[in-house]
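1. sequence first, then the predicted structure:
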Amino acid sequence: MVLQILISGLLLGGIYALMGLGLSLTLGVMRIVNLAHGVFYALGSFVIYSFVVQAKVNSFLALLFTFIILFFLGIVVERILLRPVRESEMNVMIVTFALAIFAEQCIRLGWGVMYRSTPPFFKGELKIGEIFVDYQRMLAFGIGLAIIFGLLVALKKTKLGKATRMVQQNYEMSMLLGVNVNFISMVVYGTGVALAALAGCLLAPLYLIFPAMGWTPLLMSFAIVILGGMGSIMGTVIGGFLFGLTTLLTSYYISSGMVNVVPFLAMIITLLIRPGGFFGKEIF
Amino acid sequence: MLKTDILIGRGRISIRVVFVIAPLCLMMALPFLVQKPYLLHVIILANILAVFALSWDLLAGFMGQLNLGHSMFFGIGAYTIGFITMAYRIPPVLGLLLGGLVSVLLSLVVGIPCLRLRGPYYAIATLAFSQVLFTLAMGLPKLTGSEEGITKIPKFITSIEGNYYFSFFLLVAAVIALNLLFRSKFGKKLISLREDERLSEAAGIDTSTYKIIGAAMSAFLAGLMGAYNCYYHGNVTPDMLSISLTFSVVAVVVFGGVGTLYGAIPGAYILTFLNEYLYFIMDYRLLIYALVIILILLYSSGGLLGLVRERLKAFNHGNTSSQ
């Protein structure tokens, strides 16, 4: 049973890493504290639900559509809501907090307050001895890792990625050298939102979906980012796996209601011992 | 802090008379003028919300520290009363103070690790901890009564008029206390944190200690109001720990004007009256708050009081220049 939990936890950790990476990107590059990260996760789940269950679109196609829709939604949000207040960290936080409530209420009105579930992309499970792993978890893990890897390569190799890292390192200087900071900001925020939504899509078949589902992933992402060190990709990925494990361990040994408590404790302990995070400052 | 007078011709009327003393006199006479217990009840709710919002503004508006889990300080005060009255009979004044003190303890637990740091940590930690407490309140039915909460708490003022005056007493006391605070040297140091934290640290202010003390004061006021709210309603529910309560407070202050001290009062009145008299907006309540907050922050961050101040300046300018 312990082995079963460890494996499921690691697989879940891949998705958490994806989610944390989205937040880490917006926080690390643009210093945007995105409290709406969780609601975009929820929105991802609901949009893919509509595609798969209501419109009967193929799951993979629906995943792609959701990713693209949420990416552009993120761009619009950055341009209209965040750019005017970007100078003040407090106003950014209040606006994204209000946005989170706004979007949650929109979901409530649009889809209703019922608990729903989506069918898995693949049915069935793999059985090795005593251990069962369903295909959906493995697939989610695979897609999650592929996206993380793709993003890292894009950040290191492409022109846009290099510009993004430059903005992260020195905002003013990159402006002076002609980097279009506003464009980078839009793309980065859009990517962050799309990553949250993608995590929401991949986990939708495994959990029930409901309008207020976004707050736990939001706090989980912040805990991952704080534990790993803000702006450190390696830290975010390691943090993701750690929290994947602890989530499953707590929900199995204590209670699934207590899943909220773990990220909070981890956050407080990290801030007490090493406020900069445990995994160094390797910048993107 | 309104310092302008209204100039009419050669005379001037102090703005305090128009906006503070006159309404207060009217409010004091209200229970004798009309016999509407429901109206009094709504005003009591508005007063509670106003003081609670003031305590949020103390931290966010004056010290620049955002608290996104402020409902937990309110809720912990209320649950303190709930737990104690189940076992003991204590004098209500002691109960109110105790609600505040437990809330201060909670604020130290969250504040000491997070307020030492600059950045978004405090906002995130308060949001997270309020979620933890909400989960606990829902998930431990034997202790907290889950969704039902703790009911049948003895009220310490039974008449609605009594509560009406007591809630006004709390509101006026809170406003006077905060006014005195921000005129003192200590309060000026707190405000310097908002203006420039690094600079005030360079000027020899121990910023983390001041932030922790400021947060504790804010928590005390919130806990006290939570305890009073619990006595007034005679019950405690997990709603008093919820994100939507925190959000209502943010809406009240942003709508009234962040960092204006008085802004929270009209904000709280408008929101409470809308809530209680327009039933059909109930489902859209949070949606509307969110929209209003976003619009205010995008277009005029001064809120309602900022707007009033601007109008007053324009009005006075028109009057004096025509002479």
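-> Looks like it came in fine.
2. what's the burial count for the residue lying closest to A:A42 once chain neighbours are set aside?
-> Nearest residue to A:A42, sequence neighbours excluded (C-beta to C-beta, 6 or more residues apart in numbering or on different chains): A:G214, at 3.9 Å. All C-beta atoms are positioned from the backbone trio N, CA, C, and that covers glycine. Residues within reach of A:G214, counting by other C-beta atoms under 10 Å in any protein chain shown, total 26.
3. looking at it, A:G214 is touching A:G38, isn't it?
-> Yes - using C-beta atoms under 8 Å, A:G214 makes contact with A:G38 at a distance of 3.2 Å.
4. shared neighbours, those two?
-> Listed as contacting both A:G214 and A:G38 by C-beta atoms under 8 Å, 6 or more residues apart in numbering or on different chains are A:A100.
5. the residue nearest to A:A42 and B:S107: what is the separation?
-> A:G214 sits 26 Å away from B:S107 when distances are taken as C-beta to C-beta, to the nearest Å.
6. do the same with A:A17
-> Following C-beta to C-beta, the distance that separates A:A17 from B:S107 is 33 Å.
7. how about B:R311?
-> For B:R311, the distance to B:S107 - C-beta to C-beta - is 37 Å.
8. SS state for A:N34?
-> At A:N34, secondary structure determined by DSSP: H, G, I helix; E, B strand; the rest coil is coil.
9. what pLDDT does it get?
-> Per-residue pLDDT puts A:N34 at 92.
10. so how many other residues sit close to it?
-> 31.
11. that one reaches A:T26, doesn't it?
-> Yes - under the criterion of C-beta under 8 Å, A:N34 makes contact with A:T26 at 4.9 Å.
12. if you count contacts, what does the host helix or strand of A:G22 end up packed against?
-> Secondary structure from DSSP states H and E places A:G22 in helix A:2-30. Contact partners of helix A:2-30 among helices and strands, from 3 or more C-beta pairs under 8 Å, 6 or more residues apart in numbering or on different chains; DSSP states H and E: helix A:37-49, strand A:131-134, helix A:135-157, helix A:159-169, helix A:181-203, helix A:215-228, helix A:233-253.
13. and the fourth one with helix A:181-203, angle?
-> To tie it back to what came earlier, the one meant is helix A:159-169. 100 degrees (axes from the mean of the first three to the mean of the last three C-alpha atoms, to 10 degrees).
14. can you give me the angle helix A:159-169 makes with helix A:2-30?
-> Using the same axes, to 10 degrees: helix A:159-169 against helix A:2-30 is 80 degrees.
15. residues contacting A:L177?
-> A:M166.
16. from the chain's centre, how far out does the helix holding A:G22 sit?
-> 8 Å (C-alpha atoms, centre = their mean, to the nearest Å).
17. list the buried ones in it?
-> A:5, A:7-9, A:11-30 (16 or more other C-beta atoms under 10 Å in any protein chain shown).
18. report the secondary structure state of the residue in chain A that chain B sits nearest to.
-> Nearest residue of chain A to chain B (C-beta to the nearest C-beta) works out as A:F102 at 3.7 Å. For A:F102, the assignment made with three-state DSSP gives helix.
19. now swap in A:L126 and tell me
-> Criterion first, three-state DSSP; result for A:L126: strand.
20. output the below-cut-off pLDDT ranges for chain A.
-> In the predicted model of chain A, residues A:280-284 satisfy pLDDT under 70.
21. find the residue at the geometric middle of it.
-> A:M19 (1.9 Å; C-alpha atoms, centre = their mean).
22. quick one: contacts for that one?
-> A:H37, A:Y41, A:L195, A:A196, A:A199, A:P217, A:M220, A:S221, A:I224, A:G240.
23. ok, of these, which one's closest to A:P263?
-> A:M220 (5.0 Å; C-beta to C-beta).
24. please name the nearest non-neighbouring residue to the closest one.
-> Closest to A:M220 by C-beta to C-beta, 6+ apart is A:P263, at 5.0 Å.
25. in the helix or strand where the one you found lies, what counts as buried?
-> Using DSSP H and E, A:P263 sits within helix A:261-273. For helix A:261-273, burial by neighbour count (16+ other C-beta under 10 Å) applies to A:V261, A:V262, A:P263, A:F264, A:A266, A:M267, A:I268, A:T270, A:L271.
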